[in-house]
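Student: Predicted model follows, preceded by the sequence.
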Amino acid sequence: MKLINRIGATAVAVVLAAGISGGAQAAEWKGWNIHVPDYPNTIAMDKFAELLDKGTGGRITLKMFHGGVLGSQPDAIEQLRIGAIEVGNFNLGPIGPVAPEANVVSLPFIFKGMDHMHRAMDGAPGDQISAGMAKKGMVALAWYDSGARSFYNSKKPITKPEDVTGMKVRVMNNDLYSGMISALGGNPSPMAFSEVYQSLKTGVVDGAENNWPSYESTGHFEVAGYYSMSEHLIIPECVCINADIYGALSDEDKAVVRDAARQSADLQRELWSKRAEASREKVMKAGVKFNEVADKAAFQDAMKPVYAKFLESNPDLKPLVEAIQATQ
C-alpha cells in the first residue's frame with residue numbers, strides 16, 4: 001500500500017504540474033473497466049474517451065484498460081482515490097464500504113424500478129451520493145446501469161413475501177442481502193457466483209437472484225426455470241474521476257468531461273436495455289415460467305427490519321434514504 005500511495009501521489013503531482021487546469025499541456029489519463037469487449041459499459045467508456053479527446057482538442061486523452069487488467073475492482077477504486085489511475089467505471093456496491101452514502105443503493109427495494117432509479121440518481125439523491133464520494137477522493141461524473149436483480153428458483157413462482165419462506169436462496173456476500181432473505185422467511189446462502197449453477201442443479205440451493213443477462217448467460221435458467229421479476233436490487237454504476245485531478249481542471253474542461261461522461265451514460269443505458277431484452281427473449285423462448293411481482297409494497301414492508309438495522313448504524317443517512325423513496 002505504501003508503494004501504491006507513492007505511485008498515486010506521483011501521478012497526481014504530474015497531472016497537476018502539467019497545468020491541465022489552464023489547458024496548456026496535454027495529458028493522457030488511464031481508465032479502468034472490468035468488462036469484456038462489446039459489453040455495454042466497454043463500448044460506452046470507449047465513447048467517453050472519444051468525446052473527451054474531441055471536446056478538448058486532444059489536450060486530454062483517455063486510454064482505457066478493459067477487462068480488469070489494472071487490478072480488481074476494490075484495488076482499482078483505491079488506485080483512483082490516490083490518483084494512480086484517473087478514471088474508472090465502478091459498481092456502487094464495492095464503493096459502499098468506502099463512502100457510506102453509496103451503500104444506500106444496496107438497500108433492498110429502495111428503488112421501485114429502473115425508471116425510478118434513473119430519476120433518483122440523475123436528481124438530488126444522486127448529487128448527495130456523489131458529494132459523499134467526493135469526500136473520499138472520487139467524483140461521480142455520470143451513472144451507468146447494471147440492471148435490476150430479481151428472484152429465480154426451481155420450485156415455484158414468487159408473487160408475495162410468503163413464497164420465499166423456507167426457500168434456500170443464494171445471495172452475494174453482504175449482510176444487507178442476507179438480511180433481505182431472512183426478513184422474507186428464507187434461508188440466505190452466501191456463495192461464490194461460480195458455484196451457483198451446480199448448487200441450483202443439485203438442490204444445495206432452491207434459488208438465487210440476478211438480472212436478465214446474468215440469468216441467461218450463466219445457464220441458470222436451465223436449472224431454475226421460474227423467474228419472478230421483483231427488481232429488489234437495482235445497484236447503479238458510476239463513471240468516476242479522481243477528485244484532485246478533476247478539481248485542477250478549468251471550468252471549461254470540467255464541463256467537457258462531465259458532458260462526455262453523461263453522453264456515454266446515455267449510450268450505455270440504451271445498450272444495456274437492448275442486451276437485457278435480448279436475454280429475456282432468449283430464456284422465455286426456452287420455456288422459462290415468468291411472472292411479474294405486482295405488489296412490491298408487501299416486499300418493501302417486509303424490509304423494515306433491514307432498514308431499521310441499517311439506519312441504526314448510519315443515522316445520518318436517513319434523509320438520503322427518504323429522499324430516494326420520495327423521488328417521483
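Tutor: Structure's in. What do you need?
Student: after the helix ranked longest in the chain, next one along is what?
Tutor: The longest helix of the chain (DSSP state H) is helix 251-285. Next helix or strand after helix 251-285 toward the C-terminus (DSSP states H and E): strand 289-292.
Student: in its sheet, what does that next one sit against?
Tutor: strand 226-233 (parallel) (DSSP bridges).
Student: Now do the buried residues in the longest helix of the chain.
Tutor: 253-254, 256-258, 260-265, 267-269, 271-272, 275-276, 279-280, 282-283 (16 or more other C-beta atoms under 10 Å). No exception for glycine: its C-beta is placed from N, CA and C like everyone else's.
Student: Give me the three-state assignment for residue 109.
Tutor: When classified by DSSP: H, G, I helix; E, B strand; the rest coil, residue 109 comes out as coil.
Student: quick one, what contacts it?
Tutor: With contact taken as C-beta atoms under 8 Å, 6 or more residues apart in numbering, residue 109 is in contact with 232, 296, 299-300, 303.
Student: Lowest pLDDT pick from those?
Tutor: In terms of pLDDT, residue 296 ranks lowest among the contacts of residue 109, with 87.
Student: Can you pull the poorly scored residue ranges out of this protein?
Tutor: Along the chain, the model assigns pLDDT under 70 to residues 1-25.
Student: Would you state the strands of it in chain order?
Tutor: With strands called from DSSP state E, the chain shows them at 27-32, 60-65, 87-91, 138-144, 149-153, 168-171, 187-190, 207-210, 226-233, 237-242, 289-292.
Student: I'd like those as TSV, with distance to residue 162 and mean neighbour count appended.
Tutor: Below are these laid out as TSV (distance: least, C-beta to C-beta, whole Å; neighbours: other C-beta atoms under 10 Å):
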stretch	distance to residue 162	mean neighbour count
strand 27-32	43	20
strand 60-65	47	18
strand 87-91	31	25
strand 138-144	34	25
strand 149-153	13	25
strand 168-171	14	23
strand 187-190	15	18
strand 207-210	15	25
strand 226-233	13	23
strand 237-242	33	27
strand 289-292	15	14
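Student: okay if I get the ones you listed as CSV plus distance to residue 117?
Tutor: Shown next, in CSV, are these (distance: least, C-beta to C-beta, whole Å):
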stretch, distance to residue 117
strand 27-32, 23
strand 60-65, 25
strand 87-91, 13
strand 138-144, 8
strand 149-153, 12
strand 168-171, 20
strand 187-190, 24
strand 207-210, 16
strand 226-233, 9
strand 237-242, 11
strand 289-292, 17
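Student: Out of the ones you listed, which gets nearest to residue 75?
Tutor: Closest to residue 75 of the strands of the chain, according to C-beta to C-beta: strand 27-32, at 9.1 Å.
Student: mind listing what that closest one pairs with, with the direction of each?
Tutor: strand 60-65 (parallel), strand 87-91 (parallel).
Student: Export the ones you listed as JSON lines, with columns for distance to residue 188.
Tutor: Listed next are the strands paired with strand 27-32 as JSON lines, based on distance: least, C-beta to C-beta, whole Å:
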{"stretch": "strand 60-65", "distance to residue 188": "35"}
{"stretch": "strand 87-91", "distance to residue 188": "20"}
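Student: Show me the contacts of residue 109 that map onto helices.
Tutor: Using DSSP H, the contacts of residue 109 in helices are 296, 299-300.
Student: Okay then, goodbye and thanks.
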